[in-house]
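Chemist: Whatever this is, show me its structure:
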Amino acid sequence: MNNFEQDDLAGEAAKRFRSMVESVGVKGFSEDMTLSSRQINRMLSGAQPNPVERLIRCLQCCDPEIGDAALSFICQEAGGHFVKDVGVIDHAIVNAVRECAEAIAAISDGEVSPVDRTEVHEAIAALKGVLLAAAGSSQNPEVHVRPARPASPTARSNDQVNRSA
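Modeler: Have a look, this model is predicted:
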């Protein structure tokens with residue numbers, strides 16, 4: 001990655017982190033993160049490392065399969081699914097069919113275990129990847145992973161305040 005790409009990544013990560021903090025305010029964000037508001041402000045100013053950029057760099061530094069598994073976990077925790085852009089539709093279709101077959105086999109006994117849920121999530125992700133590629137939007141797929149309801153106590157209380165206003 002050249003310096004321009006690094007600057008682009010740092011700028012976009014800083015923008016995303018700022019949006020996250022501003023969505024609930026510095027005080028609420030810092031309380032939910034069990035950090036001081038001073039630490040959050042230092043991250044916002046660039047004096048301390050930005051956690052969004054750090055996470056992206058962690059994913060770039062590790063084995064791709066391990067990074068994909070970590071990203072999939074993060075997306076599931078946020079109420080969504082990770083869909084990897086496989087680039088080639090033929091490979092994507094084969095992968096989607098295989099994932100669906102595994103998911104069907106996993107739930108065919110009538111019981112759904114945590115492992116079965118993972119199989120179903122992987123099948124859904126593979127199908128979404130095929131659909132995105134077929135729709136021609138695979139170059140820049142936007143997969144939203146934000147849960148429908150706020151996850152933090154501060155976000156919940158802010159959401160209730162906004163609804164009552």
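
Chemist: So for stretch 18-29, first residue to last residue, what's the gap.
Modeler: The first and final residues of stretch 18-29 sit 11 Å from each other (CA to CA, to the nearest Å).

Chemist: what residue ranges in this protein score low on pLDDT?
Modeler: Along the chain, segments meeting pLDDT under 70 span 1-4, 86-89, 134-165.

Chemist: mind giving me the domain split of this protein?
Modeler: 1-61, 73-151 (automatic domain parsing).

Chemist: Let's have those in a markdown table, adding distance to Gly67 and mean neighbour count.
Modeler: Bear in mind the C-beta positions are built from the backbone N, C-alpha and C, glycine included. Output for these, formatted as a markdown table (distance: least, CB to CB, whole Å; neighbours: other CB atoms under 10 Å):
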| stretch | distance to Gly67 | mean neighbour count |
| --- | --- | --- |
| domain 1-61 | 4 | 14 |
| domain 73-151 | 10 | 15 |
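
Chemist: all strands for the chain, in order.
Modeler: Using DSSP state E, the chain contains no strands.

Chemist: Helices of that one, start to end?
Modeler: 3-24, 26-32, 37-45, 51-61, 64-77, 89-107, 114-134, 153-164 (DSSP state H).

Chemist: Nearest to Val83, out of those helices?
Modeler: For Val83, the closest of the helices of the chain is helix 114-134, at 4.4 Å, according to CB to CB.

Chemist: angle of the closest one against helix 64-77?
Modeler: Interaxial angle, helix 114-134 versus helix 64-77 (axes from the mean of the first three to the mean of the last three CA atoms, to 10 degrees): 100 degrees.

Chemist: what about dumping the CA coordinates of helix 114-134 to PDB?
Modeler: Below are the C-alpha coordinates for helix 114-134, written out as PDB (Å, rounded to 0.1, in the frame of the first residue of the first chain):
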ATOM      1  CA  PRO A 114     -24.900 -22.800  16.700                       C
ATOM      2  CA  VAL A 115     -22.800 -24.700  14.100                       C
ATOM      3  CA  ASP A 116     -26.000 -25.000  11.900                       C
ATOM      4  CA  ARG A 117     -26.600 -21.300  12.300                       C
ATOM      5  CA  THR A 118     -23.100 -20.600  11.100                       C
ATOM      6  CA  GLU A 119     -23.700 -22.800   8.000                       C
ATOM      7  CA  VAL A 120     -26.900 -20.900   7.200                       C
ATOM      8  CA  HIS A 121     -25.200 -17.500   7.700                       C
ATOM      9  CA  GLU A 122     -22.400 -18.600   5.300                       C
ATOM     10  CA  ALA A 123     -25.000 -19.800   2.700                       C
ATOM     11  CA  ILE A 124     -26.800 -16.400   3.000                       C
ATOM     12  CA  ALA A 125     -23.500 -14.500   2.600                       C
ATOM     13  CA  ALA A 126     -22.600 -16.600  -0.500                       C
ATOM     14  CA  LEU A 127     -26.000 -16.000  -2.100                       C
ATOM     15  CA  LYS A 128     -25.800 -12.300  -1.400                       C
ATOM     16  CA  GLY A 129     -22.300 -12.200  -3.000                       C
ATOM     17  CA  VAL A 130     -23.800 -13.900  -6.200                       C
ATOM     18  CA  LEU A 131     -26.700 -11.400  -6.300                       C
ATOM     19  CA  LEU A 132     -24.400  -8.400  -5.900                       C
ATOM     20  CA  ALA A 133     -22.100  -9.700  -8.600                       C
ATOM     21  CA  ALA A 134     -25.000 -10.500 -10.900                       C
END
